[in-house]
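In: any chance you could fold what I've pasted below:
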Amino acid sequence: MGNENKMGIETILDKNFKHENVVLPAFIDRPDLQSWSQRGVFGMLAAAGLMVWLYLFIPLLSLLAWWFGWHRFDQYIVHDYEHGFSQHLTSLVAVIMILGLMLLAWASYNILRFYNKERRHPMPDVQPSDMAHFYELETHMVEQAQGAQVNLFFYDRQGKIVDMAFPVLEQVAQPDKKN
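Out: From the prediction side, this is the model:
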């Protein structure tokens, strides 16, 4: 494993960890490996950050929307003397009622059409024989790779798997818990 990639550009990892094998925690790629407490802490941090953002930014948006809305309301409804305020207000209420009824009709149609009908189905599991055929391997090799904790794959220049190794991890002894 070289310190520079194919283009000759040295990355931050290369600069900081030249002589070390960097092992990233598994939960970076698989968040389901985090414990419930870790998920809870990170979820609370995300919620707190969102609340701070909402607290700081939404009032500004509300102020701008209020000013724009009041300006338009004043210009086109209150000071439009040709048709009058009440005629605009009644037509506005009528349009809102028609749109609301259209939304209710559309929702009712979808409920009648799709109630208790599940159209999405999970994908079938990939069988070891299918995987073996795809990677041009023997089925028993795929099953052995699936059962191993650590897999090392060796590829040729065309990206085809030419060999596999299954090193065994050393078990660290856990201290006995005494009550």
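In: what about the helices in the protein?
Out: Taking DSSP state H as the test, the helices found in the chain are 12-16, 36-73, 85-114, 128-135, 139-147.
In: can you lay out the ones you listed as CSV showing mean pLDDT?
Out: CSV is the format used below for the helices of the chain (pLDDT from 0 to 100):
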stretch, mean pLDDT
helix 12-16, 60
helix 36-73, 87
helix 85-114, 89
helix 128-135, 91
helix 139-147, 89
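In: run the chain-centre distance for stretch 51-58.
Out: Between the centre of stretch 51-58 and the centre of its chain there are 22 Å (CA atoms, centre = their mean, to the nearest Å).
In: what comes into contact with that stretch?
Out: Residues outside stretch 51-58 that contact it (CB atoms under 8 Å, 6 or more residues apart in numbering): none. All C-beta spots, glycine's among them, are computed from the backbone N, C-alpha and C.
In: hang on, the earlier thing: output the helices of the chain as TSV; include the columns mean neighbour count and distance to D163.
Out: Formatted as TSV, the helices of the chain follow (neighbours: other CB atoms under 10 Å; distance: least, CB to CB, whole Å):
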stretch	mean neighbour count	distance to D163
helix 12-16	10	27
helix 36-73	10	37
helix 85-114	10	51
helix 128-135	14	12
helix 139-147	14	10
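In: looking at the ones you listed, spot the one closest to Q158.
Out: Q158 lies closest to helix 128-135 among those, at 12.6 Å (CB to CB).
In: packing partners of that closest one?
Out: helix 139-147 (3 or more CB pairs under 8 Å, 6 or more residues apart in numbering; DSSP states H and E).
In: ok now the helix it packs on, how far from the chain's centre?
Out: 30 Å.
In: can you say which of the helices of the chain is nearest to R157?
Out: helix 128-135 (16.3 Å).
In: about what we covered before: pipe the helices of the chain into TSV and attach distance to P167 per row.
Out: Below are those laid out as TSV (distance: least, CB to CB, whole Å):
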stretch	distance to P167
helix 12-16	23
helix 36-73	28
helix 85-114	51
helix 128-135	20
helix 139-147	12
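In: ok, which of those comes nearest P122?
Out: Among these, the nearest to P122 by CB to CB is helix 128-135 (16.2 Å).
In: alpha carbons of that closest one, as CSV, please.
Out: Below are the C-alpha coordinates for helix 128-135, written out as CSV (Å, rounded to 0.1, in the frame of the first residue of the first chain):
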residue,chain,number,x,y,z
PRO,A,128,-24.5,-18.4,-3.0
SER,A,129,-24.8,-20.1,-6.4
ASP,A,130,-25.9,-16.8,-8.1
MET,A,131,-23.0,-15.0,-6.4
ALA,A,132,-20.5,-17.7,-7.4
HIS,A,133,-21.7,-17.5,-11.0
PHE,A,134,-21.4,-13.7,-11.1
TYR,A,135,-17.8,-13.8,-9.6
